[in-house]
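1. Here is my input; please provide its structure:
(chains A and B)
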There are 2 protein chains.
Amino acid sequence: MKLIDGKKIAEQIKTEIALKVKELTAGDKRPPHLAAILVGNDPASETYVASKARACKEVGFDSSTYKFESDISEPELLRTVEFLNNDPEIDGFIVQLPLPDHIDEQKIIQAVNPHKDVDGFHPENVGRMTIGLPAYISATPNGIMEMLRRAKINTTGKHCVVLGRSNIVGRPVSILMSAATEPGNTTVTVCHSKTSGLKEITKQADILIVAIGKQEFVNAEMVKDGVVVIDVGIHRIESSRTKSGFKLVGDVKFDEVSEKASYISPVPGGVGPMTIVSLLQNTLKAYQNLIYS
Amino acid sequence: MKLIDGKKIAEQIKTEIALKVKELTAGDKRPPHLAAILVGNDPASETYVASKARACKEVGFDSSTYKFESDISEPELLRTVEFLNNDPEIDGFIVQLPLPDHIDEQKIIQAVNPHKDVDGFHPENVGRMTIGLPAYISATPNGIMEMLRRAKINTTGKHCVVLGRSNIVGRPVSILMSAATEPGNTTVTVCHSKTSGLKEITKQADILIVAIGKQEFVNAEMVKDGVVVIDVGIHRIESSRTKSGFKLVGDVKFDEVSEKASYISPVPGGVGPMTIVSLLQNTLKAYQNLIYS
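-> Sure thing, here's the model as predicted:
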């Protein structure tokens, strides 16, 4: 079994981005700039936005955070989006989700200029990805594709089973994995809560991408020998064996599945570290005008 | 075996649309208006645009055709698109494809206002469909979903195998069939030219949607008893048994597959008649502002 080490791959990509930024900003061109809109005080959101700012610094990007109280009105938030859409010194920005209940998330997402939508959530970017045009691809599916590419997994002609059909993971990764690209070109089966005979399907998988949000759901009986497993889940559970009293696990029973797998991504240290890197990659593409040109 | 009679379903839907138009135009409100841009003299395109105009007349829509020689320049065509985007009396319009080689089709498609894009080809509509927002869905996938709905096929929890991953049929119908809707909610497997072990996969299908563009490709050995088959292919082949000397066949060997199927759509008279009806349905939605509201 080989580990697909997301943490290591992410570090490698950051090094490459940092080099590219140096190259592109030779002379005195300004560096790429990623902005984030953060509403309210959700600790997970605050942590995530802070990690983004830190990652920007590591690779030589500028970053800025537009922070608002949770009682900001929808029109006020829309004005901020509009301001960032029009600021020529900001290449891309994200609106950290979730937003407070009184704000229509889809309305905000759709107000972001698709050219600056480095989260890849605007329908225009989703549509471009779906039909195979250059697009900002959202962080997790992009990270998964990058992991498969860097781990040199041959995908063409393989059977890829995706567990989960969410808009942020299962749906886009299923589209990318069946596109006429490498990685890609797999026969893809998408499973979800209404799927019957799940085990018979997952056992057919050469590549299994698990984004079902159920702690340690996939066990050894559900996979065949030699399967490649990408585990997107992340759950914090109590543990008497760690100092902190908890540990992180994925959607896959790592100990038993890893014994049958040819490659597997761990949790933590798998897909997680790839997501912020995806955002940096998209911001670099925005800076270089590589998507909409 | 029951036939899914696309011709009959299409007639039924046209009757419903005509009634709705009467209702909506009571008083003296103008009827829905569908326009088409036609470039050059491709006979198939001319026939298709003429059928659209005829279908509009049948249901009480206005229609108009903007016809250009094949040497029209791209900027000139873009100006026409812009004109139609801004004409408040035109609810929706299509640009008949293919366009001459010197014109960038994607550029034209993306110039169409998504609100009037009744062909559902603009990335914004594709993206909205992908993430489950209201969208103009393109003619063939919409027609297939309507056939399954009207034939009262229970789809939830079934295994749907889609042969083909094209942007106009396989890809969108695979997304719609795995969405959390009815029809929909199936476990979907998308197969394509790189798929290996095809027969083992198609034999698992409860519902088989064939859009592979290969004449009579699917035979009885590839399906299981009781399968529901939707045949999207259409091929004109020579025949000594018809007066014209040719006949139309699909991607499925109808005679032998129909003996095992519980439901099957024929060619001709299956998916074909549904496509123009889908366009009428989208135009009616545009007139009523049902998608972008």
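2. From now on I want contacts and neighbour counts done on CA atoms only, so please keep to that.
-> Fine.
3. mind listing the strands for the stretch 151-293 of chain A?
-> A:159-163, A:187-191, A:207-210, A:228-231, A:235-238, A:246-249, A:263-264 (DSSP state E, counting those that start in this stretch).
4. Select, out of those strands, the one closest to chain B.
-> Nearest of those to chain B, taken as Cα to the nearest Cα: strand A:187-191 at 4.1 Å.
5. Just put the strands of the stretch 151-293 of chain A in CSV and tack on mean pLDDT.
-> Output for the strands of the stretch 151-293 of chain A, formatted as CSV (pLDDT from 0 to 100):
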stretch, mean pLDDT
strand A:159-163, 98
strand A:187-191, 98
strand A:207-210, 98
strand A:228-231, 98
strand A:235-238, 94
strand A:246-249, 96
strand A:263-264, 98
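6. Output the ones you listed as CSV; include the columns mean neighbour count.
-> Below are the strands of the stretch 151-293 of chain A laid out as CSV (neighbours: other Cα atoms under 10 Å in any protein chain shown):
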stretch, mean neighbour count
strand A:159-163, 27
strand A:187-191, 28
strand A:207-210, 26
strand A:228-231, 28
strand A:235-238, 12
strand A:246-249, 16
strand A:263-264, 24
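7. Any idea which of these gets closest to residue B:194?
-> For those, proximity to residue B:194 was assessed by Cα to Cα; strand A:187-191 is nearest, at 7.7 Å.
8. mind putting the strands of the stretch 151-293 of chain A in TSV, distance to chain B included?
-> Shown next, in TSV, are these (distance: least, Cα to the nearest Cα, whole Å):
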stretch	distance to chain B
strand A:159-163	8
strand A:187-191	4
strand A:207-210	14
strand A:228-231	17
strand A:235-238	25
strand A:246-249	27
strand A:263-264	21
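9. In CSV: those strands, plus distance to residue B:25.
-> CSV is the format used below for those (distance: least, Cα to Cα, whole Å):
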stretch, distance to residue B:25
strand A:159-163, 48
strand A:187-191, 44
strand A:207-210, 51
strand A:228-231, 55
strand A:235-238, 56
strand A:246-249, 60
strand A:263-264, 61
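10. Residue A:178 against residue A:185, yeah?
-> Yes: using Cα atoms under 8 Å, residue A:178 is in contact with residue A:185, at 4.9 Å.
11. Looking at those two, which one has more neighbours?
-> Legend: neighbour count by other Cα atoms under 10 Å in any protein chain shown for residue A:178 and residue A:185, higher for residue A:178 (30 against 25).
12. Show the contacting residues for residue A:102.
-> Residues counted as contacts of residue A:102 (Cα atoms under 8 Å, 6 or more residues apart in numbering or on different chains) are A:73-74.
13. how about the residues of chain A that lie near chain B?
-> Within chain A, the positions near chain B by Cα under 8 Å from any Cα of the partner chain are A:122-128, A:130-131, A:156-159, A:165, A:167, A:171, A:178-179, A:185-192, A:194-196.
14. quick one, helices of the stretch 101-250 of chain A?
-> A:105-111, A:123-130, A:139-150, A:170-178, A:198-202 (DSSP state H, counting those that start in this stretch).
15. wait, which of those is closest to residue A:236?
-> Proximity to residue A:236 (Cα to Cα) singles out helix A:139-150 among the helices of the stretch 101-250 of chain A, at 19.0 Å.
16. hmm, who's touching that closest one?
-> A:4, A:6, A:9, A:119-120, A:168-170, A:172-173, A:176-177, A:182-183, A:230, A:271, A:274-279.
17. which residue does the stretch 51-200 of chain A bring closest to chain B?
-> For the stretch 51-200 of chain A, Cα to the nearest Cα, closest residue to chain B: residue A:127, 3.5 Å.
18. Contacts only, for the closest residue to that residue other than its chain neighbours.
-> With sequence-adjacent residues excluded and distances taken as Cα to Cα, 6 or more residues apart in numbering or on different chains, residue A:127 is closest to residue B:127, at 3.5 Å. Residues near residue B:127 by Cα under 8 Å, 6+ apart: A:122-128, A:130.
19. Which one (most neighbours) among those residues?
-> residue A:126 (29 neighbours).
20. Roughly how far does the residue most central in space within chain A sit from residue B:243?
-> Central residue of chain A (Cα atoms, centre = their mean): residue A:140, 1.7 Å from the mean position. Separation of residue A:140 from residue B:243 (Cα to Cα, to the nearest Å) stands at 58 Å.
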